[in-house]
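Peer 1: take this sequence and fold it.
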Amino acid sequence: MQLKINEKFPVEFSEAGTYISFEDNTFYAVMADEFWSDTELKLFKNKKMLIQIVNKSDQLIFLLSVDGVIETSDFYFNIHDEEAFVKADCYNFCFVLLDKNSVINGMKTCTLNKATSAVITQILDQQQSSEYDEEVNLKKLAALQKQFEPFELQPFALCEESH
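Peer 2: Predicted coordinates:
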């Protein structure tokens, strides 16, 4: 997927929120909001992104933060929701900020190191080998989100990287 600042994201988002998907060896974490201020976009561009990986209740959770712009945000990924997931030694990661029109206002990309990628693969192997019921999974997800604010999941991080 080729993405560029100030261009439309290939998927329309009708409301603000966070979304994550996987394509071409890349996790795409998308945060949609009404608008992003010039100050927020400048900080997003210039500050480091912290990525933390959590495994809680069979959920692979990416915690993302960027100082001064994004407090800790959570992105829940389940391999059963993806049509074509391919394991890799090192995964790429792309964090995208969209405005209300699904236009890309900010973007950070990186390649995760082998150790972090191995943790992700291990969690996804566990997910794939367990029975999956979408309704049960949605209930687990809702319970986790009710029990923990994203920053409260940070102590459970199995690994983290800063880019």
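Peer 1: now name the helix or strand holding residue 41.
Peer 2: helix 38-46 (DSSP states H and E).
Peer 1: got the residue ranges for the helices in this protein?
Peer 2: Ranges of helices within the chain are 38-46, 114-129, 134-147, based on DSSP state H.
Peer 1: show me the shaky parts of the protein.
Peer 2: The chain contains no residues with pLDDT under 70.
Peer 1: show me where it has strands.
Peer 2: Ranges of strands within the chain are 17-23, 26-32, 49-56, 59-66, 70-77, 92-98, 104-111, 159-162, based on DSSP state E.
Peer 1: so for the last one, what gets flagged as buried?
Peer 2: Within strand 159-162, the residues scored as buried using 16 or more other C-beta atoms under 10 Å are 159, 161. Heads up, the C-betas are built off the backbone N, CA and C, glycines and all.
Peer 1: surely residue 74 and residue 20 touch.
Peer 2: No - the criterion here is C-beta atoms under 8 Å, and residue 74 misses it with residue 20 at 9.6 Å.
Peer 1: common neighbours of these two, please.
Peer 2: Counting by C-beta atoms under 8 Å, 6 or more residues apart in numbering, the shared contacts of residue 74 and residue 20 are residue 62.
Peer 1: could you report the neighbour count for residue 38?
Peer 2: 8 (other C-beta atoms under 10 Å).
Peer 1: now do the one 10 residues further on
Peer 2: Residues lying near residue 48 (other C-beta under 10 Å) number 13.
Peer 1: contacts only, for it.
Peer 2: Residues in contact with residue 48 (C-beta under 8 Å, 6+ apart) are 66, 67, 162, 163.
Peer 1: distance of it from residue 108?
Peer 2: 9 Å (C-beta to C-beta, to the nearest Å).
Peer 1: common neighbours of these two, please.
Peer 2: 66, 163.
Peer 1: bridged to residue 52, which residues?
Peer 2: On the basis of DSSP bridges, residue 52 is bridged to residue 63, residue 160.
Peer 1: could you give the number of residues near it?
Peer 2: Neighbour number of residue 52 under other C-beta under 10 Å is 23.
Peer 1: residues of stretch 11-28 that come out buried?
Peer 2: Within stretch 11-28, the residues that count as buried by 16+ other C-beta under 10 Å are 13, 18, 19, 20, 22, 23, 26, 27, 28.
Peer 1: isn't the fifth one right up against residue 60?
Peer 2: The reference is to residue 22. No - here residue 22 lies out of contact with residue 60, judged by C-beta under 8 Å, at a distance of 10.6 Å.
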